[in-house]
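> Here's a sequence, model it:
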Amino acid sequence: MLSFVVISRGEWSDLRRSLARLAGAVRPEEKVFVVTCGASEDTLRELERHPYVQTLRFDVPELSRAEVMHLMRSEVQTPYMLCLDGQEMIVPEALPALRLLLRSQSPEVVVLNRKWWLGSTDVTLPAPDHRRLMALEATPPRQDLLGLTPDPGRLLLHVDLAKRLAEEAMTTGEWDRDMAAWNRILEASEHVLLCPEPVLLAPLATRAAAPAVQAAAHVAPPDTALLWAGDALAFAEPGEAHALLEAAEVLLAGFATDSALPDLGPMAPVLRGLRSGGPAMGLAELALVFAAQDRARTEALTQAVGTLRSDLDLALPGPDYLRRLYDRIRA
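Purely as a prediction, here's the structure:
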């Protein structure tokens, strides 16, 4: 029913963490393929020690995720292929719920939830659209699905749909093409389900958000574009604030000047600031968005440090134990 494809672009350390999470979660009938793109000889030797892994070697480091998935369609014989790229990992606890969905309903598409980690997989943040996703029904209306973060990499497609859509619905990493692919996949599917439990875990990387805001303004209705623009802010850096404001002006032009702006996501107050007070007010609202994001990340890191400290206190011997040990040795 389900196979896993892990794309390795670096050294063994990244791949080892991904395989370690899969090792205890994969069922005997499920297959794990590792596609190495220019991997070192040390990585290849390490892979030989994992008998449950089938390795396919491509000495082409620049192969994209879309190209790898296209090549693997003929190799994978199961209806569903879950692809992990780079430092992506599986959340093993979520796989039973996903398997149940696939086995009982055979959907054309499953929209997967994901989490993002900061520095360590012990420090995680929810996806930008987590609350919207959790508020949806198991089989939500297509319009609600279109309003989720346009991330084709978290869509699990049935092989028949994947072959039918072929190249036109592949994720590329470019905001405008990913948004278009998100729309095409969901609009072409008759049976779409949600898997609310986070299945994917990926590092939170910075990604220019201004192109996403501009792309959203051109490929989506205003309300959806506003949501997508707010989701993109989760990956932005404060240094692109002025570029974001210019893109926000394009987004604002899609709303009627005599109507109230909908309160949809963190980009909404930025647009209201632009409308009421110009770039200066828009910049102030954007600064508040970045401050809130930094606070959430700091709280996540603080909680992780606190947990680590508690674990160390439990693992290390305390002063009473050391005193007893000292007295025993002296005696």
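
> tell me the helices in the stretch 151-300 of the chain, going along the chain?
Assigned by DSSP state H, counting those that start in this stretch, the helices in the stretch 151-300 of the chain fall at 159-165, 175-187, 210-219, 222-232, 241-252, 267-315.

> got these as a markdown table, with mean neighbour count, mean pLDDT and distance to Val6 columns?
Quick note: C-beta positions are derived from backbone N, CA and C, even for glycine. Shown next, in a markdown table, are those (neighbours: other C-beta atoms under 10 Å; pLDDT from 0 to 100; distance: least, C-beta to C-beta, whole Å):
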| stretch | mean neighbour count | mean pLDDT | distance to Val6 |
| --- | --- | --- | --- |
| helix 159-165 | 15 | 84 | 18 |
| helix 175-187 | 20 | 88 | 21 |
| helix 210-219 | 22 | 91 | 27 |
| helix 222-232 | 25 | 94 | 26 |
| helix 241-252 | 20 | 94 | 34 |
| helix 267-315 | 15 | 86 | 26 |
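
> Tell me which of those approaches Glu75 most closely.
Ranking those by proximity to Glu75 (C-beta to C-beta) places helix 159-165 first, at 11.5 Å.

> For the closest one, enumerate the helices and strands it packs against.
Under the contact criterion of 3 or more C-beta pairs under 8 Å, 6 or more residues apart in numbering; DSSP states H and E, helix 159-165 touches strand 80-85, helix 175-187.

> returning to what we had before: reformat the helices of the stretch 151-300 of the chain as TSV; add distance to Val109.
Formatted as TSV, the helices of the stretch 151-300 of the chain follow (distance: least, C-beta to C-beta, whole Å):
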stretch	distance to Val109
helix 159-165	7
helix 175-187	6
helix 210-219	19
helix 222-232	18
helix 241-252	28
helix 267-315	27
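
> Of all the ones you listed, which one comes closest to Glu93?
Comparing those under C-beta to C-beta, the one sitting nearest is helix 267-315, at 17.8 Å.

> chain center to that closest one, what's the gap?
19 Å (C-alpha atoms, centre = their mean, to the nearest Å).

> Remind me what it packs against, helices and strands.
Using 3+ C-beta pairs under 8 Å, 6+ apart: helix 267-315 touches strand 109-118, strand 120-126, helix 222-232, helix 241-252.

> Ala20 is nearest to which of the ones you listed?
Nearest to Ala20, of the helices and strands packed on helix 267-315 and by C-beta to C-beta, is strand 120-126 at 10.5 Å.

> So what touches stretch 250-260?
Outside stretch 250-260, the residues within contact range by C-beta atoms under 8 Å, 6 or more residues apart in numbering are 213-214, 216-217, 222, 225-226, 229, 261, 267, 271, 274-275.

> Could you rerun that using 10 Å?
The contact list for stretch 250-260 (C-beta atoms under 10 Å, 6 or more residues apart in numbering) reads 210, 213-218, 220-223, 225-226, 228-229, 244, 261-262, 267, 270-272, 274-275, 282.

> quick check, Val76 in a strand?
No - using DSSP: H, G, I helix; E, B strand; the rest coil, the assignment for Val76 is coil, not a strand.

> ok, for it, nearest residue in space, not its chain neighbours?
Leaving aside its chain neighbours, Val76 sits nearest to Ser3 (4.7 Å; criterion: C-beta to C-beta, 6 or more residues apart in numbering).

> Now do the helix or strand encompassing that neighbour and strand 80-85, the angle between them.
Assigned by DSSP states H and E, Ser3 belongs to strand 2-8. Interaxial angle, strand 2-8 versus strand 80-85 (axes from the mean of the first three to the mean of the last three C-alpha atoms, to 10 degrees): 20 degrees.

> Which other helices and strands does strand 2-8 contact?
helix 12-23, strand 31-37, helix 41-47, strand 53-58, helix 65-72, strand 80-85, strand 89-90, helix 95-105 (3 or more C-beta pairs under 10 Å, 6 or more residues apart in numbering; DSSP states H and E).

> switch to 7 Å and redo it
The elements that strand 2-8 packs onto, with contact taken as 3 or more C-beta pairs under 7 Å, 6 or more residues apart in numbering; DSSP states H and E, are helix 12-23, strand 31-37, helix 65-72, strand 80-85.

> Each with direction, which strands does that strand pair with?
strand 31-37 (parallel), strand 80-85 (parallel) (DSSP bridges).

> residues contacting Thr124?
When contacts are counted by C-beta atoms under 7 Å, 6 or more residues apart in numbering, Thr124 touches Lys115, Trp116, Trp117, Leu201.

> where's Leu261 relative to Ala287, distance?
The gap separating Leu261 from Ala287 is 19 Å, by C-beta to C-beta, to the nearest Å.

> now do Ala138
39 Å.

> What of Asp176?
27 Å.

> Repeat that for Ala220.
26 Å.

> What does the pLDDT read for Glu167?
Here, the pLDDT recorded for Glu167 equals 55.

> How about the contacts made by Leu82?
Leu82 neighbours (C-beta under 7 Å, 6+ apart): Leu2, Phe4, Leu156.

> try 8 Å this time
Taking C-beta under 8 Å, 6+ apart, one finds Leu2, Ser3, Phe4, Val5, Ile90, Leu156, Val199 in contact with Leu82.
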